[in-house]
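A.B. asks: I'd like to go over a predicted model; first the sequence, then the structure.
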There are 2 protein chains.
Amino acid sequence: MNRSKLSIEELKELKELARICRGDILKMTTVANSGHPGGSMSSIDIYLTVYKFAKLSPEAPFAPNRDRVVVSHGHTSPGVYSALARLGFFNIEDVITGFRHPGSIFEGHITRGIPGIEWTTGNLGQGLSAGVGMALAAKLSGRDFHVFTLMSDAEQAKGQVAEARRTAVKYNLNNLTVVIDYNDAQISGRASDTMLVNIKENYEADGWKVIEIDGHNHEALAEALYEAVNKNVPVAILARTVMGKGVSFMEDDVTFHGKPLDVETCRKALAELGVEDDLEFYINRRKRLPETREQLKPPLEVITIDSGKPVTYSVSQKMDNRSAFGKALADLAVLNKGKSPIAVVDCDLKPSTKTIDFEKVWPENFIQIGVQEHNAATVAGSMSVNGVLTFFTDFGVFGIDETYNQQRLNDINKTNLKVVVTHVGLDVGEDGKTHHCIDYIGALRNLYGFKIIVPADPNQTDRAVRYIVREKGNFVIALGRSKLNPIANLDGEPFFGDEYEFEYGKVDVIRSGSNATIVAIGQVVSEAVKAADCLRKEGIEVTVLGVSCPIDASFDSVKDYLKGNVLTVEDHNVRSGLGSILAEYFVDAGFLPEKFEKIGITGYAVSGNKEILYKLSGLDSESIIEKVRKMLK
Amino acid sequence: MNRSKLSIEELKELKELARICRGDILKMTTVANSGHPGGSMSSIDIYLTVYKFAKLSPEAPFAPNRDRVVVSHGHTSPGVYSALARLGFFNIEDVITGFRHPGSIFEGHITRGIPGIEWTTGNLGQGLSAGVGMALAAKLSGRDFHVFTLMSDAEQAKGQVAEARRTAVKYNLNNLTVVIDYNDAQISGRASDTMLVNIKENYEADGWKVIEIDGHNHEALAEALYEAVNKNVPVAILARTVMGKGVSFMEDDVTFHGKPLDVETCRKALAELGVEDDLEFYINRRKRLPETREQLKPPLEVITIDSGKPVTYSVSQKMDNRSAFGKALADLAVLNKGKSPIAVVDCDLKPSTKTIDFEKVWPENFIQIGVQEHNAATVAGSMSVNGVLTFFTDFGVFGIDETYNQQRLNDINKTNLKVVVTHVGLDVGEDGKTHHCIDYIGALRNLYGFKIIVPADPNQTDRAVRYIVREKGNFVIALGRSKLNPIANLDGEPFFGDEYEFEYGKVDVIRSGSNATIVAIGQVVSEAVKAADCLRKEGIEVTVLGVSCPIDASFDSVKDYLKGNVLTVEDHNVRSGLGSILAEYFVDAGFLPEKFEKIGITGYAVSGNKEILYKLSGLDSESIIEKVRKMLK
């Protein structure tokens, strides 16, 4: 394995490989009749040199200590694939044949799980954050690997890049090197005309060291890389290149950004490169590819976490779910510190999200990213699959709404992220509509991999937090802001008490009665229980079902409660949350309840204390009682 | 109206008002027992000076030519409200009494529509983009107003700020001035410890002029403002301040960021300020406030647009919906240029979104923001309510997913934005899962104000584009990528032909038959029609309903078609789109169809051409035929 200076022989080999790879790039895009040859050819010398230089071996491409190479401009996949193939990571014939074909793993944008590829990219401006996450993970897990993040110049405009840059400096990530393919060309023309970014000045203003070189000179690249990995600050290598480099009629012509050559033109280009024209072979081979394949299984290290013992809070003491989360999180810190790395990524909200208790116990694993949510979400996602059990904590509007696409990309990357958002719902109160996250379920219904848990009280919160650290995959726990009494059963004991074990998808029968059924979620379960207990006194027996896992709720198991008068109650947009999911269940299950009503939020709300906002939206126990009475008339 | 140098008397008045406003800030937060006094007191001298200096009058606060003041750190609402009230824009008693109360317009975060407030903020880092949008709108509509954007230092970390900064330089917005409240304090402690931002270096690296002053010195502020509005480049005034300034025990203590004083402590602070203690009066007055009020109606100028004549494309010619959009847009440019300002905001995708034709006709109104989607979405939203009919065009994954929260905030701001996203669905094909926007309906179901239109073919696209420019409010038109034949009726004539007029919410009965009903949307309506026409040949009569407005589809009007075998078909996540909306309709309407099946996307897809991806997901006509046959068995 490498990371020493490249030898003259190695540099000579790279030069020759670069010529061959340029042929590969043209072939695979022409055979697929799709893809991005221009940027691939400007980046190929960078790819070859970095993959050669990095401590990374085709024999053990997922070794925990490997250097990580993140390519942020994922549309240059032809360049990445050809470089990796020619360096022995996989077979070039499979790439050229299968590029962008459903039967092949070589997708249009590079995909995590392919040897040598650490992060699925394609939406620009995300790669540096992923690189920062990996470099941080190296430090937190005590590993000595280096992270190379390769980027385009056009994507330097993206604000998330600036956020990542500052984070690298704050955490002194001297194990992080950036190489920018500076071809000054993008879809609209010259990058500097489209949206001028003073790249060098921007990096320097944020405290980076910048090295400027010719990005087609392997020797200069190798020298700069060697200098970078030995510097004590993050280094950006600004590599001047030419789009379409290597084929005379493609050079510096942006029409080849996203357009392959036709077969005839490709032949001419291959001739110019002195590369064998075997297009027929590949075109025919492609026709025989199957239309499906197995999914990639990207590496996920198992980190054994001691999830501790559940805590049961007394029903007589008011408490907020977020404090129960904070205490469980601090407990995890105490139990696992010095054993298994857990980290918390925060965005300047630690007193509110209650992660401050974790920080006290384990300050070096508390990552404070400030008001840079996009970056924080990607950093956290990337850390979560690089040896650190990672929590990302934020208010709902930031951790879900503002970072919606970052979470989507985390999900596509099959991360192992534990997102805990507080301050969801009108329960937030006076901060008003910009801060009312009332779409947490609606947003996450769109993401296939995320599981969402909306606990009803502090006791369920405690158990849910301990549950998600034992499970693999992406989870969101959504918590309100205000204090409430833990839910009691009819004996006055905690409903989610010592006997209760959290089971994902389970619907909890909190009260049982035959006159009506209230299906509630999260912070308003309390209101539903209060309503049911009041109604019981006047002889109306009401079932209360607590749904904590709306997307995967097992309504079938409580079917019998759902046939009469059914009322859903949610502190969420009524159009996209629990009520909508239950309606879908009815149609799928093939029955309708006698009556069905939904209480939820029907428009952006105003500022006000939670009690008034709940009353105005019909979410308080009084309004629920009223509604049930009306249904029974 | 002002914008000349402030006189000595005026400066003296500001100094006295500042003392009084500090009292107001403390009173309103204490009376509300909620809110952010710390930052309000550090910003108050800035607010008073800027509002005094700006060309802005309480008599005509919404005059089209007024200067715009955008406050980006909207949580300092107590400061903003007190400054505006004391300068005569509204009654201070109403503010102190009603702050953060549902019966008052003075919400926790400042709200567009209150005199003097141009943009609803609260989620940090958005204000400069809104300011850029207004400054651009001034230039495009030929108006001579200046835009002042006031920000906190903590939010300088947000990447969107860098995006906005570059945009201001690119478009030479010398009518834009930034003032930054540099108190070096945020929730987590010192801003420079939380996430160091080299603010001065960052602005200078992007080409701004920076002036550094003491932010509590009205004279220095006024001087700097005067210098700024007369410079030929965008200027940032870096105003050093102290959080909690004015009350000894609050100064530089971040615990007062988001915590009001209790009544006793407030009395002490008021005494120190030499301000009357009338807390009792306000506490009692607040108790008498009503719990509801009328919604604010922020100003929206009516721009009369000539929407031209619909174009009918022949059913024999394959065409993509996005080209139909591009042609309609170019037509609007020809018809309105020199009459009513229309602008297009693009993110380096003009050849793909087909906005390039608009640019050719009206280059000066084509705003190229590059790969800076967050900024672009906010810029466009802000332009749309400042005298310019604004389109924001992008790929679905960027215009909806990446900018989801920016669109949510546009919606909260009651903008008049016309979003057109192309490349939605698996129809995108080879670019793969990072680029497949399959949640456009699911995401927009969460936003109360946005209407979404998903046209079935180029003819319907043309009419939808002309429709949205005639209508007020926020619209999204979602378009696929690939070419298709315009839909024909059974006579072979265009279904959406000369006789057809687009009607929002209408469900189109494209084929009619009694054996089964296919409910389809967007790009796959063609597949459904193809399937129905094939099935007809074997004696199976199938209804095809085209739903172009999924969120507000009037299913009631086609109820009779929905009682038998019903199949939904959508190039969208099956969990959150048309199928889910129709299921909800069934439950609301109180009936179930005999059979109900949904075809849609059940997981992140791979790279591949559209035909194969459709086949794999069951979206092609063959699969639909198969499904209908099975349902009828």
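C.D. replies: Structure's in. What do you need?
A.B. asks: dihedrals phi and psi, residue A:333?
C.D. replies: phi -60, psi -50 (degrees, to the nearest 10).
A.B. asks: which ones are touching it?
C.D. replies: Contacts for residue A:333 were tallied using C-beta atoms under 8 Å, 6 or more residues apart in numbering or on different chains; they are A:342, A:357-358, A:361-362, A:365. No exception for glycine: its C-beta is placed from N, CA and C like everyone else's.
A.B. asks: got a pLDDT number for the residue nearest to residue A:369 when sequence neighbours are not counted?
C.D. replies: Distance criterion C-beta to C-beta, 6 or more residues apart in numbering or on different chains; nearest residue to residue A:369, sequence neighbours excluded, is residue A:376 at 4.1 Å. With respect to pLDDT, residue A:376 scores 98.
A.B. asks: next, count neighbours for residue A:376.
C.D. replies: The number of residues packed near residue A:376 is 34, by other C-beta atoms under 10 Å in any protein chain shown.
A.B. asks: burial count for the residue of the stretch 51-200 of chain A found nearest chain B?
C.D. replies: Relative to chain B, the nearest point of the stretch 51-200 of chain A is residue A:159 (2.1 Å; C-beta to the nearest C-beta). By other C-beta under 10 Å, 28 other residues sit near residue A:159.
A.B. asks: that one touches residue B:162, doesn't it?
C.D. replies: Yes. With contact defined as C-beta atoms under 8 Å, residue A:159 counts as touching residue B:162 (5.0 Å).
A.B. asks: quick one, phi/psi of the closest residue to residue A:3 other than its chain neighbours?
C.D. replies: Computed as C-beta to C-beta, 6+ apart, the closest residue to residue A:3 that is not its neighbour in sequence is residue A:55, at 4.5 Å. When read as degrees, to the nearest 10, the backbone of residue A:55 gives phi -80, psi 90.
A.B. asks: picking up where we left off before, just to be sure, the residue nearest to residue A:369 is in a strand?
C.D. replies: No. Assigned with DSSP: H, G, I helix; E, B strand; the rest coil, residue A:376 falls outside any strand and is helix.
A.B. asks: so it sits against residue A:343, correct?
C.D. replies: No. Between residue A:376 and residue A:343 there is no contact under C-beta under 8 Å: 11.7 Å.
A.B. asks: ok, and the closest non-adjacent residue to the residue most central in space within chain A?
C.D. replies: In chain A, the centroid-proximal residue (C-alpha atoms, centre = their mean) is residue A:410; its distance is 2.1 Å. What sits nearest to residue A:410 in space, not counting adjacent residues and going by C-beta to C-beta, 6+ apart, is residue A:381, at 3.5 Å.
A.B. asks: show me the contacts for that neighbour.
C.D. replies: Residues counted as contacts of residue A:381 (C-beta under 8 Å, 6+ apart) are A:130, A:133, A:390, A:392, A:406-407, A:409-410, A:413, A:415, A:417.
A.B. asks: including distance to residue B:48, could the residues you listed go into CSV?
C.D. replies: Below are the contacts of residue A:381 laid out as CSV (distance: C-beta to C-beta, whole Å):
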residue, distance to residue B:48
A:130, 45
A:133, 43
A:390, 45
A:392, 39
A:406, 39
A:407, 41
A:409, 44
A:410, 44
A:413, 49
A:415, 48
A:417, 45
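A.B. asks: how does chain A divide into domains?
C.D. replies: A:8-287, A:319-484, A:507-632 (automatic domain parsing).
A.B. asks: and those, which is most packed in?
C.D. replies: Comparing the domains of chain A by mean neighbour count (mean count of other C-beta atoms under 10 Å in any protein chain shown), domain A:319-484 comes out on top with a mean of 25.
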